[in-house]
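Asker: Structural data only, the sequence is not supplied:
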């Protein structure tokens, strides 16, 4: 068309007869076909990659869920086992405490126990009878306030052996002729000793 418009009709006619345009169109069509084939191939590759990615994602999700469920199972097992052990230990401790309490309560001697600062924590029934008080009343009070002891002859107060035990850390006995003043005012002759109670660490 350009040749014809520029005044060269013979050259334009020769080009048309040479099939140059059709050849170019065929080449373009072939090129488009190749491009479409490549795009189809790339689309297939991308689709396969997408399917693999989705599959891997599902596998990862299922695997993570399985691991999480397994972890929760073991955690629950550990918690229940720990709770069972704790209950067992608590029950054993209660049984031992009940055994000691029953033993101390059943003794024919009066038994008074204090904490490390000298405050009453336990009285057995014989101690309650001799002192004229109860554990519920005496608990938490200082030993000297609920266990007043005196010299039998002079009626002067005697040093409470618990204080000496706290200071020295070994068994202390009372002097002879010691009396305990009951809450009703009567004096009861007693023999007494105080001893430290230590745990497995010597505390």
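Answerer: Nice, thanks for sending it over. Everything quoted here is computed from the prediction, not taken from an experiment.

Asker: Helices of this structure, residue ranges please.
Answerer: 2-5, 9-17, 20-106, 125-131, 135-138, 143-146, 161-168 (DSSP state H).

Asker: by contact count, what packs against the second one?
Answerer: For helix 9-17, the helices and strands in contact under the criterion 3 or more Cβ pairs under 8 Å, 6 or more residues apart in numbering; DSSP states H and E are helix 2-5. The C-beta positions use only the backbone N, C-alpha and C, and glycine is treated the same way.

Asker: Could you check how far the helix it packs on is from the centre of its chain?
Answerer: From the chain centre to the centre of helix 2-5 is a distance of 94 Å (Cα atoms, centre = their mean, to the nearest Å).

Asker: ok, back up a step: just tell me which of the helices of the chain ends up closest to residue 195.
Answerer: With Cβ to Cβ as the measure, helix 161-168 is the member of those nearest residue 195 (6.7 Å).

Asker: Need the residues that contact the closest one.
Answerer: With Cβ atoms under 8 Å, 6 or more residues apart in numbering as the contact definition, helix 161-168 has outside contacts at 114, 116, 118, 143-144, 171-174, 192-196.

Asker: tell me the least confident of these?
Answerer: Taken together, those show their lowest pLDDT at residue 174, with 70.

Asker: Determine which residue lies closest to the centroid of the protein.
Answerer: Centroid-nearest residue in the chain: residue 79, 9.0 Å away (criterion: Cα atoms, centre = their mean).

Asker: Tell me how far residue 24 lies from residue 120.
Answerer: Distance, residue 24 to residue 120, by Cβ to Cβ, to the nearest Å: 116 Å.

Asker: Counting neighbours, go ahead and name the busier of these two.
Answerer: residue 120 (24 against 10; other Cβ atoms under 10 Å).

Asker: quick one: pLDDT of that one?
Answerer: For residue 120, the predicted pLDDT is 93.
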